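Engineer: I need the structure of the sequence given here:
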Amino acid sequence: MEWLKEILNGLENAQELEKKITEGIGKNFVARADFNAINSAKKGLEAQLLQLQEDSKQEDSFKQRLEELERKTAAEKEEVLRKEKEAAQEVYLKKRFDEAVGENKWRDELTEKSVFAEFHAAVAMDVNKGKEDMEILAELTKDKNYFLNPNRPIEMAGMGRVSLTKVEENKMRALMGLTLKD
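Structural biologist: Below is the predicted model of the structure:
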C-alpha cells in the first residue's frame, strides 16, 4: 500500500485517511492470493458437481436396469411357480391314471401316453364331473385293443386259424394275379 502513502503525502490527517481507505479496500476487495485460492476451490467444486451429475445419470441408468432385472426375475419366478404347479398336477393325474389302470398292462408305451393325454383332457371336461377315474378310463378304452391280452388264444398250425401275415400275403398275391397259399 505504498502507492497510497505517496498519494496522501502532504495532506492533513494522512494517516487517518490511509487507515480508513485501507479498511474500505479490505472490506470490498480480496487479495490476489486469496482470490486465486477461492477461484481454484470453486473450479474444483464445479468439477465435482459435474462428476456427481454424471454419476447421477449413470445411477438412474443402473436403477432402470435394476428395475428391469427385478421385473424379469419376478416374471421368471411366476413362470417357475406355474410350471411347478403344472408338474404337481401332472404327477397327481398320473397317479390317478395308474390307479385306474390297475393291473392291466399296456400294449406299448405310445398307447399308454396317448390314453393318458385323453384321460387328462377327459378329467377336465364338465361331462365327466363326478365320475370315477375307472369309469372315465373304461369309456376311453372301450372296444379298443389298448391292453395286452394275457389270455389270447395261441395260434397253432392246422387248427384252421390263418395268421395275419398269411391273410396279408394272400391279398397281395390276389392283386398280382397269383395263386393263393393255404
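Engineer: from residue 64, how far off is the spatially most central residue of the chain?
Structural biologist: The centre of the chain sits closest to residue 76, judged by CA atoms, centre = their mean, with a distance of 3.1 Å. Distance, residue 76 to residue 64, by CB to CB, to the nearest Å: 19 Å. The way it works is simple: take the backbone N, C-alpha and C, and place the C-beta from them, glycine included.
Engineer: in the helix or strand of the chain with the lowest mean pLDDT, which residues are buried?
Structural biologist: Lowest by mean pLDDT, DSSP states H and E among the helices and strands of the chain is helix 2-8, with a mean of 72. Neighbour counts over helix 2-8 (16 or more other CB atoms under 10 Å) mark residue 8 as buried.
Engineer: so which elements touch the helix or strand following it?
Structural biologist: Beyond helix 2-8 on the C-terminal side, the first helix or strand identified by DSSP states H and E is helix 14-28. With contacts taken as 3 or more CB pairs under 8 Å, 6 or more residues apart in numbering; DSSP states H and E, helix 14-28 sits against helix 2-8.
Engineer: need the contact partners of the helix it packs on.
Structural biologist: 14, 17-18, 21-22 (CB atoms under 8 Å, 6 or more residues apart in numbering).
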